[in-house]
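Trainee: got a sequence here, can you build the structure:
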Amino acid sequence: MRIFVLTTGRSGSTTFAEACTHIEGMTSGHEIHAGMINGRLEYPDNHIESDNRLVWFLGTLDHMYDDENTFYVHLTRDHEKIARSYRDRWQGAICVARHFYHGILMCRKKPDMESALDTCRLLVETVHDNVTFFLSRRQNWVTVRMESLEEDFFKFMDAAGVQGDRDKILGALRTVKSGNKYARKKKGLLYKLRSLYSSRFLR
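Mentor: Numbers count the residues shown, from 1 in each chain. Take a look at the predicted model:
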């Protein structure tokens with residue numbers, strides 16, 4: 001069996017993947033195919049993959065993996081918190097929200113803070129709607145909410161029929177992973193100069 005965690009990102013997917021390392025008989029990974037082109041969606045059996053880019057390959061997942069041997073987790077969080085977290089990461093070298101703004105929405109001009117936040121909100125809603133539609137005709141899935149992560153994680157285990165060390169899982173779930181490093185950066189002179197020209201830097 002393979003388990004795929006579908007999420008907008010900024011929803012605790014790293015923490016989820018860490019907790020899954022304590023599930024018996026399954027490997028667990030977080031974005032293990034980052035940077036890959038060929039074989040991007042080829043995952044081994046008995047593996048749990050947590051990668052927010054999976055939401056862009058739903059059609060391929062559908063025809064590559066039959067429902068009988070596949071389980072999905074829809075990992076969610078308050079949408080406004082996700083959007084604001086993405087805006088805080090706007091300056092990252094790889095930022096899906098910024099690329100969504102330029103590449104999908106075809107916006108050319110440098111966005112201001114509010115436009116960037118609106119973009120992040122639209123990204124979150126779009127991904128959420130696409131995942132919801134994808135799962136609407138399936139039975140082999142469960143929702144896990146960051147706001148009730150511990151309770152929902154064990155519901156996921158029961159629904160997927162997997163076992164693991166629940167004490168170690170609890171420990172992993174209570175350890176927050178992947179903090180927002182971009183939000184903590186000091187805005188020095190170089191930042192301020194670059195922010196005048198590059199769409200990576202918001203004012």
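
Trainee: contacting residues around the helix or strand harbouring His63?
Mentor: Using DSSP states H and E, the element containing His63 is helix 58-64. Outside of helix 58-64, the residues within contact range by Cβ atoms under 8 Å, 6 or more residues apart in numbering are 4, 6, 41, 54, 70, 130-131, 134. Any C-beta I mention is one placed from the backbone N, CA and C, and that applies to glycine too.

Trainee: what's the answer for stretch 156-168, then?
Mentor: 1, 3, 22-26, 71, 73, 142, 144, 154.

Trainee: give me the pLDDT for Arg108.
Mentor: Here, the pLDDT recorded for Arg108 equals 92.

Trainee: from what I can see it touches Tyr101, true?
Mentor: No: counting by Cβ atoms under 8 Å, Arg108 does not reach Tyr101; the two are 9.8 Å apart.

Trainee: of the two, who's got more company?
Mentor: Legend: neighbour count by other Cβ atoms under 10 Å for Arg108 and Tyr101, higher for Tyr101 (24 against 8).

Trainee: from Gly39, how far off is the more buried one?
Mentor: 29 Å (Cβ to Cβ, to the nearest Å).

Trainee: can you check Thr8 too?
Mentor: Counting by Cβ to Cβ, the gap from Thr8 to Gly39 is 24 Å.

Trainee: equivalent analysis for Asn69, please.
Mentor: Asn69 is 19 Å from Gly39, by Cβ to Cβ.

Trainee: where exactly do the helices run in this protein?
Mentor: For the chain, helices defined by DSSP state H occupy the ranges 13-20, 58-64, 79-88, 96-99, 113-135, 149-160, 166-173, 189-195.
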